[in-house]
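*Asks:* For reference, the sequence and a predicted model appear below.
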Amino acid sequence: MSLSFDPKTLRDLAELLNATGLSEIELEEGDRKVRLARAAAQVSMPVMAAPAPVAVAAAPAPAAPAPAADPAKNPGTVKSPMVGVAYLSAEPGTPPYVTVGQTVEAGATLLLIEAMKTFNQIKAPRAGVVRQILVTSGAPVEFDEPLLIVE
């Protein structure tokens with residue numbers, strides 16, 4: 001069986017992969033399927049020695065906040081239903097759909113995810129208060145990635 005794909009389409013998909021920072025794209029049309037994946041970049045970080053501590057009499061530091069629990073395990077976590085780019089507002093310079101502390105109704109738009117030049121509304125699965133926004137506008141998101149927490 002021989003499959004042929006339009007080279008321009010493959011180039012367009014590769015450009016989308018690079019432009020969004022995604023690690024892979026997979027498309028299926030009928031019995032044809034194509035998957036483009038980018039190899040993870042190997043990053044070498046130099047190891048630097050920390051300077052020796054200096055004893056200084058100072059006021060006691062405030063207690064450090066407890067480490068945040070894994071948002072993926074929070075029952076109020078809204079996860080991405082797709083791979084794409086997250087946008088917190090409809091257009092640059094406009095107010096975000098939601099802010100931390102805001103009360104939302106079930107079905108209210110929380111943010112947008114752009115995938116294949118289509119903007120998909122991500123809606124609140126239940127009424128509640130937005131406790132945490134875990135993505136930034138314009139950031140690529142993966143399938144099942146935690147986006148925000150509504151409790």
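*Replies:* Cool, the structure landed.

*Asks:* Tell me where this protein is predicted with low confidence.
*Replies:* Within the chain, the stretches with pLDDT under 70 are 1-5, 17, 21, 38-69.

*Asks:* the domain parsing of it - what is it?
*Replies:* The chain breaks down into these structural domains: 7-37, 73-150 (assignment by automatic domain parsing).

*Asks:* okay, these, which one's buried deepest?
*Replies:* domain 73-150 (a mean of 16; mean count of other CB atoms under 10 Å). C-beta coordinates here come from the backbone N, C-alpha and C atoms, glycine included.

*Asks:* just how off-centre is that domain within its chain?
*Replies:* 9 Å (CA atoms, centre = their mean, to the nearest Å).

*Asks:* likewise stretch 16-26?
*Replies:* Offset of stretch 16-26 from its chain centre (CA atoms, centre = their mean): 13 Å.

*Asks:* end-to-end on it?
*Replies:* 12 Å (CA to CA, to the nearest Å).

*Asks:* can you give me the helices for the protein?
*Replies:* Secondary structure of the chain (DSSP state H): helices located at 7-20.

*Asks:* mind listing what Lys79 touches?
*Replies:* Lys79 makes contact with Ala72, Asp144, Glu145, Pro146, Leu147, according to CB atoms under 8 Å, 6 or more residues apart in numbering.

*Asks:* Next one: Leu134 from Phe143, what distance?
*Replies:* Computed as CB to CB, to the nearest Å, the Leu134 to Phe143 distance reads 15 Å.

*Asks:* again, but for Val150
*Replies:* On the measure of CB to CB, Val150 and Phe143 end up 19 Å apart.

*Asks:* got it, and Asp6?
*Replies:* Taking CB to CB, one finds Asp6 at 26 Å from Phe143.

*Asks:* Surely Ala86 touches Ala139?
*Replies:* Yes: if you go by CB atoms under 8 Å, Ala86 and Ala139 touch, sitting 5.5 Å apart.

*Asks:* Now do the contacts for Thr103.
*Replies:* Ala127, Gly128, Val129, Val130.

*Asks:* how near is it to Lys33?
*Replies:* Applying CB to CB, the value for Thr103 to Lys33 is 43 Å.
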